[in-house]
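Trainee: Only the shape, not the letters, is given here:
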């Protein structure tokens, strides 16, 4: 508890701009936790579902059964369900519906990333503004007769350095988080595209088989 109080007391030397920086830090942590939960809860592909897709046999029944008992809000389940519901329609129709669902999922995954990108840019600028504020405060302590308060100059420099350091730390963490989740989003959409191609190819093959059987009959 004493360490927390000492840390907060140190941060207060950063001047008034430390408060918007702390707000950005809280916002950044909230976004990172939200993205982590979303990917862990709704985006990790189920091994059973992936196995059924990669080894789709003569019947769609096993895949439909697995989708029916899976979390309906899971992103891969949502995408596969749309294809299953439209697989007997014309191919262009199924592809259009699958593309719409994939776009909706991509928008959901991208939520909050623009805030992280903004924090990456804004935090160092606020830190720099804190530096300028601290230096102006320090220079104001020089009077017409020379240096008025040496301790005040030291405090002003410390104020500038603390604001700069906090801004850079926030920006670095936000940058790593932004890059990580952007890469994870790209990998998720690539995997979804692969799944969609495989299932739609199978639906197209089934349609051609039914057409050939109808002609033979």
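Mentor: That came through, no problem. Remember, it's a predicted structure, so these values are computed and weren't measured experimentally.
Trainee: Quick check: which element contains residue 34?
Mentor: According to DSSP states H and E, residue 34 maps onto helix 18-38.
Trainee: packing partners for that helix?
Mentor: Secondary-structure packing of helix 18-38 (3 or more CB pairs under 8 Å, 6 or more residues apart in numbering; DSSP states H and E): helix 113-139, helix 150-216. Where you see a C-beta, it was placed from the backbone N, CA and C, and this is true even at glycine.
Trainee: remind me which residues of the protein are low pLDDT?
Mentor: Scanning the chain with the threshold set as pLDDT under 70 gives 1-15, 57-58, 137-160, 213-217.
Trainee: Pick the most deeply packed of the helices and strands packed on helix 18-38.
Mentor: helix 113-139 (a mean of 18; mean count of other CB atoms under 10 Å).
Trainee: Helix 18-38 and that helix, what's the angle between them?
Mentor: Counting by axes from the mean of the first three to the mean of the last three CA atoms, to 10 degrees, helix 113-139 lies at 160 degrees to helix 18-38.
Trainee: by how many degrees do helix 113-139 and helix 150-216 diverge?
Mentor: Using the same axes, to 10 degrees: helix 113-139 against helix 150-216 is 170 degrees.
Trainee: How far off centre is helix 113-139?
Mentor: 23 Å (CA atoms, centre = their mean, to the nearest Å).
Trainee: who touches stretch 162-182?
Mentor: 10-11, 13-15, 17-18, 21-22, 24-25, 28, 31-32, 35, 39, 113, 116-117, 119-121, 123-131, 133-134 (CB atoms under 8 Å, 6 or more residues apart in numbering).
Trainee: Report the distance from it to the chain centre.
Mentor: Centroid separation for stretch 162-182 versus its chain: 14 Å, with CA atoms, centre = their mean.
Trainee: swap in stretch 35-46?
Mentor: Using CA atoms, centre = their mean, the offset of stretch 35-46 from its chain centre is 11 Å.
Trainee: Pull out the buried residues from it.
Mentor: Residues of stretch 35-46 classed as buried by neighbour count (16 or more other CB atoms under 10 Å): 35, 38, 39, 42, 43, 45, 46.
Trainee: That stretch: end-to-end distance?
Mentor: 18 Å (CA to CA, to the nearest Å).
Trainee: Over to stretch 66-73?
Mentor: End-to-end distance for stretch 66-73, by CA to CA: 14 Å.
Trainee: in that stretch, what counts as buried?
Mentor: The neighbour-count check on stretch 66-73 (16+ other CB under 10 Å) flags 66, 67, 70 as buried.
Trainee: Quick check: the gap between the last one and residue 27.
Mentor: Spatial separation of residue 70 from residue 27 under the definition CB to CB, to the nearest Å is 33 Å.
Trainee: surely residue 95 meets residue 199?
Mentor: No. Residue 95 is not in contact with residue 199 according to CB atoms under 8 Å; the separation is 10.6 Å.
Trainee: coming back round to it: which two among the buried residues of stretch 35-46 are spaced furthest apart?
Mentor: 35 and 46 (19.9 Å; CB to CB).
Trainee: Name the surrounding residues that touch stretch 200-213.
Mentor: Applying CB under 8 Å, 6+ apart, the set of residues contacting stretch 200-213 from outside is 56, 83, 87, 88, 91, 94, 95, 98.
Trainee: mind checking how far that stretch is from the chain centre?
Mentor: That offset, for stretch 200-213, works out to 38 Å (CA atoms, centre = their mean).
Trainee: Equivalent analysis for stretch 97-109, please.
Mentor: Worked out by CA atoms, centre = their mean, stretch 97-109 lies 15 Å from the chain centre.
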